[in-house]
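Engineer: Need a 3D model of the sequence below.
(one chain, ligands or ions: 1)
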Amino acid sequence: MIWETIVTTRAADGRVHIAPMGIRIEGDRVVLAPFKPSTTLENVLATGAAAVNMTDDVRVFAGCLTGRREWPTVPCESVPCVRLADPIGHRELRLAQVEEDAVRPRLLCDVVLERSHRQFQGFNRAQAAVVEAAILVSRLQMLPAAKIESELAYLAIAIDKTAGVAEREAWSWLMAQVEQFTGESRQEKI
Ligand SMILES: Cc1cc2nc3c(=O)[nH]c(=O)nc-3n(C[C@H](O)[C@H](O)[C@H](O)COP(=O)(O)O)c2cc1C
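Structural biologist: The predicted structure follows:
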């Protein structure tokens with residue numbers, strides 16, 4: 001099973017990095033699997049630490065995919081890292097083992113601290129739609145235009161019916177990115 005989370009890391013010089021990432025839970029460990037090249041990968045290898053943030057603020061997912069990587073963070077309690085300031089919960093991780101791979105290494109991490117900050121409010125279809133659309137946006141170069149168009153049209157139904165202000169804002173950032181990409185591809189073909 002894969003859980004879509006926000007992974008926060010720090011570079012050796014202290015710079016904060018925030019990235020949406022799917023994690024797996026294997027026994028007591030959390031497994032990160034960043035595609036190379038990846039700042040998250042470099043940072044975890046440099047510092048041996050990361051935080052996994054469980055958040056329902058889908059603007060963070062959409063924002064990171066559309067050049068909005070500055071989100072409020074606070075220091076972790078037990079590893080040299082930061083976490084999001086307002087997640088539902090977070091886990092602080094220490095790197096235990098690296099499974100090398102030319103494309104997608106696996107970082108097996110021990111959970112050194114786990115905190116719950118707020119209550120889970122229930123599922124929201126618009127939030128799920130934003131996460132799906134963010135994944136589509138991360139693959140714009142690889143997917144056929146017709147597939148992107150039809151999947152977004154379906155996801156837009158959940159936005160129309162169930163979104164709040166944050167979900168609409170996140171959706172608008174993603175749609176602007178799609179429009180920019182499709183506009184540029186049209187220009188290239190002319
Ligand atoms: C929901 C979601 C899940 C993602 N999961 C992964 C992942 O498991 N591994 C990965 O390399 N990129 C993943 N991505 C794409 C990254 O967030 C994006 O490419 C990011 O910039 C990672 O590279 P970085 O570590 O250099 O920031 C995901 C994106 C989204 C929207």
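
Engineer: in stretch 60-68, what counts as buried?
Structural biologist: Buried residues in stretch 60-68, counted by 16 or more other C-beta atoms under 10 Å: V60, F61, A62, G63, C64, L65, T66. C-betas here are computed from N, CA, C, even on glycine.

Engineer: contacts with the ligand among these, please.
Structural biologist: With C-beta under 6 Å from any ligand atom as the criterion, these include F61, L65 near the ligand.

Engineer: Which members of the buried residues of stretch 60-68 are positioned in strands?
Structural biologist: Assigned to strands by DSSP state E, none of the buried residues of stretch 60-68 qualify.

Engineer: can you tell me which of the buried residues of stretch 60-68 lies nearest to V98?
Structural biologist: The closest of the buried residues of stretch 60-68 to V98 turns out to be C64 (C-beta to C-beta; 23.7 Å).

Engineer: tell me which parts of this protein are close to the ligand?
Structural biologist: 4, 19-22, 33-35, 38-40, 61, 65, 131, 134-135, 138.

Engineer: returning to that earlier point: now, which of the buried residues of stretch 60-68 lie within helices?
Structural biologist: V60, F61, A62, G63, C64, L65 (DSSP state H).

Engineer: mind putting those residues in CSV, pLDDT included?
Structural biologist: Converted to CSV, these look like this (pLDDT from 0 to 100):
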residue, pLDDT
V60, 98
F61, 98
A62, 98
G63, 98
C64, 98
L65, 96
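
Engineer: For L108, give me its contacts.
Structural biologist: E26, R29, V30, V31, L95, A96, Q97, V98, E99 (C-beta atoms under 8 Å, 6 or more residues apart in numbering).

Engineer: Provide the strand pairings for the helix or strand where E4 lies, with the direction of each partner.
Structural biologist: Following DSSP states H and E, one finds E4 within strand 3-10. Strand pairing for strand 3-10, determined by DSSP bridges: strand 16-26 (antiparallel), strand 49-54 (antiparallel).

Engineer: what comes up buried for the first one?
Structural biologist: By neighbour count with 16+ other C-beta under 10 Å, strand 16-26 contains the buried residues H17, I18, A19, P20, M21, I23.

Engineer: And the average pLDDT for it is what?
Structural biologist: Per-residue pLDDT values over strand 16-26 give a mean of 98.

Engineer: Show me what the helix or strand following it packs onto, helices and strands only.
Structural biologist: Along the chain past strand 16-26, the next helix or strand (assigned with DSSP H and E) turns out to be strand 29-32. Secondary-structure packing of strand 29-32 (3 or more C-beta pairs under 8 Å, 6 or more residues apart in numbering; DSSP states H and E): strand 16-26, strand 89-99, strand 106-116.

Engineer: I'd like those strands written out as CSV, with distance to N124 added.
Structural biologist: Shown next, in CSV, are these (distance: least, C-beta to C-beta, whole Å):
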stretch, distance to N124
strand 16-26, 17
strand 89-99, 17
strand 106-116, 19
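
Engineer: Kind regards, and thank you for your time.
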